[in-house]
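sharing a model prediction with you, sequence too.
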Amino acid sequence: MTQTLDAPAGADQIELVLPTATLQAFAWGPDDGPLALCLHGFPDTAYSWRHLGPRLAAQGYRVVAPFTRGYAPSTLAADGDYNVGALMYDAVQIHRLLGADDRAVVIGHDWGCLTSNGLAAYRESPFRKVVSMSVPPVGAFTSVGDGAAQLVKLLGRQAFMSWYMLYVQLPWLSEKSLDRLIPLLWKRWSPGYDAADDLGHVFDALPTGEHRSAVLRYYRATLRPGKPAQPYRALQAAGFDEVRTPLLYLHGISDGCMQAGFADRVGATLPPGSDVRLVPGAGHFLQLEQPDVVAGLVIDYLSRDPL
């Protein structure tokens, strides 16, 4: 039975029946508009797009923001797979299910950004442009060039900042402690932002121990990767390759999760038609902290090519 949500202003709730999960999503804009698929991260939900969604809809886009696999009211993954390849697969399946065309774009934040970065590297991606927020494409971490000293310094500090990725590998304990961990992460990642409403939505999306384990398996699948299931293999293999699709990368200057210094390394790894912008006055959840600025940057970038 579909759970009816208190949808953000102007949004409808739709259901996306995919091969291995049924996702609930918010949707804005005309049914026949080009698809703008918005993918949230951890610890977050589809409500994260409540500001950007209506702004893109006003530009003629059909904006679809799903609760990704494992986040209620979407179902758990029937195959139990939460690798990046599986998340990319869901995005491609949504494009297919909705009958989207070659005007479609994908926008990702945090874990949704790992998905959008992966799709930007996938040769058969159906998305014409990508917008990624808060997690740089893999080239920012692996391309040394003339900045070896800078990279070593960034990686050393980032290892300290990413302590939570190791903590959530602990079974049972990390699930039980999410009530404390999630508010702490929001406070540290976006200093000064009042996340009360967002935290309510996050915990609504984690109603059972199974849901809590599912969202932590995003991290566990990354640090303890196994062989992906057949439908995901090509996607998983491409997920950390060089970006091929034009990409706008946005990063909050005050991000307490991922250092803004990595954004300086992104531009040299992107194809023509790409752009990199830092957002002042924003931390990790920049689309919530500076919604007008972020919307303006996204709309300007997407409008450079006619629909």
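Yep, it's here. Residues are numbered from 1 along each chain as shown.

which parts of this structure are strands?
Secondary structure of the chain (DSSP state E): strands at 12-17, 22-28, 35-39, 62-66, 105-109, 129-133, 247-252, 275-279.

reformat these as a markdown table; add mean pLDDT, mean neighbour count and distance to Ala148.
Every residue, glycine included, has its C-beta placed from N, CA and C. Below are those laid out as a markdown table (pLDDT from 0 to 100; neighbours: other CB atoms under 10 Å; distance: least, CB to CB, whole Å):
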| stretch | mean pLDDT | mean neighbour count | distance to Ala148 |
| --- | --- | --- | --- |
| strand 12-17 | 98 | 14 | 44 |
| strand 22-28 | 98 | 22 | 42 |
| strand 35-39 | 99 | 27 | 33 |
| strand 62-66 | 98 | 26 | 39 |
| strand 105-109 | 98 | 28 | 29 |
| strand 129-133 | 98 | 27 | 24 |
| strand 247-252 | 98 | 26 | 21 |
| strand 275-279 | 97 | 18 | 20 |
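
want to try JSON lines for those strands, with distance to Leu166 as columns?
Shown next, in JSON lines, are the strands of the chain (distance: least, CB to CB, whole Å):
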{"stretch": "strand 12-17", "distance to Leu166": "33"}
{"stretch": "strand 22-28", "distance to Leu166": "29"}
{"stretch": "strand 35-39", "distance to Leu166": "24"}
{"stretch": "strand 62-66", "distance to Leu166": "28"}
{"stretch": "strand 105-109", "distance to Leu166": "22"}
{"stretch": "strand 129-133", "distance to Leu166": "24"}
{"stretch": "strand 247-252", "distance to Leu166": "23"}
{"stretch": "strand 275-279", "distance to Leu166": "28"}
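
Ile182: which of those is closest?
Closest approach to Ile182 among the strands of the chain is made by strand 105-109 (15.9 Å; CB to CB).

packing partners for that closest one?
Applying 3 or more CB pairs under 8 Å, 6 or more residues apart in numbering; DSSP states H and E, one finds that strand 105-109 makes contact with strand 35-39, helix 111-121, strand 129-133.

got the angle for that strand vs strand 62-66?
Here strand 105-109 runs at an angle of 40 degrees relative to strand 62-66 (axes from the mean of the first three to the mean of the last three CA atoms, to 10 degrees).

tilt between strand 105-109 and helix 111-121?
140 degrees.

how much does strand 105-109 deviate in direction from strand 35-39?
Going by the same axes, to 10 degrees, strand 105-109 makes 10 degrees with strand 35-39.

give me the angle between strand 105-109 and strand 129-133.
Angle of strand 105-109 versus strand 129-133, following the same axes, to 10 degrees, is 10 degrees.

how about residues contacting strand 105-109?
For strand 105-109, the external contacting residues (CB atoms under 8 Å, 6 or more residues apart in numbering) are 34-41, 44, 48, 52, 61, 91, 114-117, 119, 127-134, 285, 287, 298, 302.

closest to Gly80 out of the strands of the chain?
The nearest among those, by CB to CB, is strand 22-28 at 15.1 Å.
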